[in-house]
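Undergrad: predicted model, plus sequence, below.
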Amino acid sequence: MSYSVTVILLSGPISVGKTLLAENLMTGYRADHLRTSALIAASTRHNADRTDLQDVGMSPPFRGGDWLVQAVRERVEKRGASLVVVDAVRTREQVQALRQGLPACRIAHIHLLAKAVLLAERFTSRERAGDAELSWHQAMEAPAEAGTESLKSEADLVLDTTLLTPEDVTVRVVSYIRPHGRHKPNVDVLVGGQWGSEGKGNVAFYLAPEYDLLVRVGAPNAGHKVRNRKGEVYTHRQLPSGTQATTSLVLLGPGAVIDVNILLREIKDCGLSPERLTIDRRALIIETEDVKREVDLKKAIGSTGTGGGAAVARRIMERTQATTVRMAQDIPELASYIGDSAELFDRLQENESVFVEGTQGTGLSVLHGSFPHVTSRDTTVGTLLGEIGIAPQLVRHVISVFRTYPIRVGGQSGPMGREITWETVAERSGIQLEDLLRSERGSVSHNQRRVAEFSWSQLVTSTRLNGATDIALTFADYLDVRNRRACRFDQLAEETARFVDDIEMVARVPVSFVSVGFDGRGPIDRRQW
């Protein structure tokens, strides 16, 4: 039987960590924290201390569990809670009432315990009103705590917290209530197959509404241009390209390298709230000095000079001076967005999916590209997953994006196979040369791009490096301008259809998407999933 609502019943002695566990489940896993002490206090007419609450809690109305059943139902029906933590149950009658009164819910009774000496130390060290005159042993002598020990035999899971951190306790409980949810493949990855500017943004914008979480890492040197449903053009340099296409959650992972001003501007433009956007606390901040250090790289290798590489180098070389390396958690303006990517992934439900958007292209990888004309990081799927914190076995599909005519940024940007001119592309496609020259400028550098013939050897290498399961072919209109009118695959020019067949034969991977123009309609969708 599959339950849509899980109710965790916590029991155990005073100071064992029940409330801290409940709070961790609330902040990390969107649990609804139902405090029985608060419900009991609300029934009294004065400011009750611990002794008062213990006495009231053992009175006939509260010793049983009907009031708890009603409270849980209200949380589920009125608030839509799917995970409720009852903090705490103290009698067998309460446990039995909750099990019998909530047949549609999964009930998980968790009992916490620890050594008495440790519990006494915790009780003494914490500051809580009404406890100043009590010792832990005195508090445990109250009738309300008399049945605590017996509840251990009733529990579904018993945890000794003596040697566990609060985080360890939370992980143990979550693994019990969600034994299989973390291992189901639910991640799709989009990656550039050439030297960047393959049109990933347009494909990402189209796919984004299908996912519950959009993720991006990388630095602001990669600009992803999209055209939204209103026909407006926007270039994302820090946020995922599908941010404006959906209301899904958004994450910048620990491998992100952030220009604070650029990011804040994008957050404002996209209207992102802290409830929707999470920035991993370990994401690296680009400083003014980093940008200055990359000035020479612009001429030497065609770098955009945005400081990302210098920031990464500084992060490595200045580990003995940690205070000079600022992370996202150190920026006051980002405080409300700061979180932990691992916790966010843990909160995802089993049926929720993740879309990861890579930046730049495989040919620019510092490991696999034509050094020194490369970027400051590896741009393949394996490293991309590591920068986010996603295990490879969670990946379902890897979509590798290729242009019909690959490009590199202008200037001394390195080899790119058989280079041609934009005049050649214009002559072959029927597109006006002026239109090509106007649109083919870097999203960040704004320099005129270089262009080359499609590289079949690069197709094979890139597909292998990324483990591509699907290919997205973009700029099909550069083969024939008439393709811009195509809404289906059978409407493409005959030469274009043959080109797609050749790609599938060489790469042994299906071409699942064909983009025929930069518009809000999105690519022709041919996938089989």
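TA: Structure received. Quick caveat: nothing in here was measured; it's all calculated off a predicted structure.
Undergrad: just the terminal-to-terminal distance for stretch 448-461.
TA: Terminal residues of stretch 448-461 are spaced 27 Å apart (C-alpha to C-alpha, to the nearest Å).
Undergrad: how far is it from where the chain is centred?
TA: From the chain centre to the centre of stretch 448-461 is a distance of 31 Å (C-alpha atoms, centre = their mean, to the nearest Å).
Undergrad: shaky segments in the stretch 101-250 of the chain?
TA: Residue ranges of the stretch 101-250 of the chain with pLDDT under 70: 127-132, 179-183.
Undergrad: please name the residues that touch the closest residue to Gly192 other than its chain neighbours.
TA: Spatial nearest neighbour of Gly192, chain neighbours left out: Gly361 (3.3 Å); criterion: C-beta to C-beta, 6 or more residues apart in numbering. Every residue, glycine included, has its C-beta placed from N, CA and C. By C-beta atoms under 8 Å, 6 or more residues apart in numbering, the contact set of Gly361 is Gly192, Gly193, Gln194, Trp195, Gly196, Ser197, Glu198, Thr379.
Undergrad: at 10 Å what do you get?
TA: 191-198, 200, 222, 369, 375, 379-380, 400-403, 406-408, 458, 462 (C-beta atoms under 10 Å, 6 or more residues apart in numbering).
Undergrad: which ones among those lie within strands?
TA: Val191, Gly192, Ser400, Val401, Phe402, Arg403, Ile407, Arg408 (DSSP state E).
Undergrad: quick one: least confident of the residues you listed?
TA: Among the ones in strands among the contacts of Gly361, Arg408 has the lowest pLDDT, at 91.
Undergrad: what's across from it in the sheet?
TA: Beta-bridge pairing for Arg408 (DSSP bridges): Arg450.
Undergrad: now do Met1, the pLDDT please.
TA: 46.
Undergrad: with Asn447 instead?
TA: For Asn447, pLDDT reads 83.
Undergrad: now do the SS call for Ser512.
TA: strand (DSSP: H, G, I helix; E, B strand; the rest coil).
Undergrad: how far away is the residue nearest to Gly192 from His111?
TA: 54 Å (C-beta to C-beta, to the nearest Å).
Undergrad: helix, strand or coil for Ser4?
TA: Applying three-state DSSP: Ser4 is coil.
Undergrad: residues in contact with it?
TA: Val76, Ser82, Ala104, Cys105, Arg106.
Undergrad: same check on Ser462?
TA: 191-194, 361-363, 365, 368, 380, 400-402, 455, 468, 471, 507.
Undergrad: please redo it, this time with the cut-off set to 6 Å
TA: Ser462 makes contacts with Gly193, Thr362, as judged by C-beta atoms under 6 Å, 6 or more residues apart in numbering.
Undergrad: picking that back up, can you flag which of the contacts of Ser4 belong to strands?
TA: Using DSSP E, the contacts of Ser4 in strands are Arg106.
Undergrad: just send the contacts of Ser4 back as JSON lines, with distance to Pro332 and neighbour count too.
TA: Output for those, formatted as JSON lines (distance: C-beta to C-beta, whole Å; neighbours: other C-beta atoms under 10 Å):
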{"residue": "Val76", "distance to Pro332": "38", "neighbour count": "20"}
{"residue": "Ser82", "distance to Pro332": "34", "neighbour count": "16"}
{"residue": "Ala104", "distance to Pro332": "45", "neighbour count": "10"}
{"residue": "Cys105", "distance to Pro332": "42", "neighbour count": "20"}
{"residue": "Arg106", "distance to Pro332": "42", "neighbour count": "15"}
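Undergrad: quick check, nearest of the contacts of Ser4 to Cys270?
TA: Ser82 (27.7 Å; C-beta to C-beta).
Undergrad: against Asn186, how distant is the closest one?
TA: Distance from Ser82 to Asn186, by C-beta to C-beta: 17 Å.
Undergrad: residue ranges of the strands in the stretch 151-300 of the chain, please?
TA: For the stretch 151-300 of the chain, the strands defined by DSSP state E, counting those that start in this stretch occupy 157-160, 187-192, 213-218, 224-227, 233-236, 249-258, 277-280, 284-285.
Undergrad: to Gly28, which of those strands lies closest?
TA: Using C-beta to C-beta, the strands of the stretch 151-300 of the chain put strand 277-280 closest to Gly28, at 11.9 Å.
Undergrad: can I get the helix or strand hosting Glu504 in PDB, CA atoms only?
TA: Following DSSP states H and E, one finds Glu504 within helix 494-507. Taking Å, rounded to 0.1, in the frame of the first residue of the first chain, the C-alpha atoms of helix 494-507 are listed here in PDB:
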ATOM      1  CA  GLU A 494      15.200  16.700 -47.400                       C
ATOM      2  CA  GLU A 495      18.900  17.500 -46.900                       C
ATOM      3  CA  THR A 496      18.300  18.400 -43.200                       C
ATOM      4  CA  ALA A 497      16.400  15.100 -42.600                       C
ATOM      5  CA  ARG A 498      19.400  13.200 -44.200                       C
ATOM      6  CA  PHE A 499      21.800  15.200 -41.900                       C
ATOM      7  CA  VAL A 500      19.800  14.000 -38.900                       C
ATOM      8  CA  ASP A 501      19.900  10.400 -40.100                       C
ATOM      9  CA  ASP A 502      23.700  10.700 -40.500                       C
ATOM     10  CA  ILE A 503      24.100  12.000 -36.900                       C
ATOM     11  CA  GLU A 504      22.100   9.100 -35.500                       C
ATOM     12  CA  MET A 505      24.100   6.600 -37.500                       C
ATOM     13  CA  VAL A 506      27.500   8.100 -36.500                       C
ATOM     14  CA  ALA A 507      26.700   8.800 -32.800                       C
END
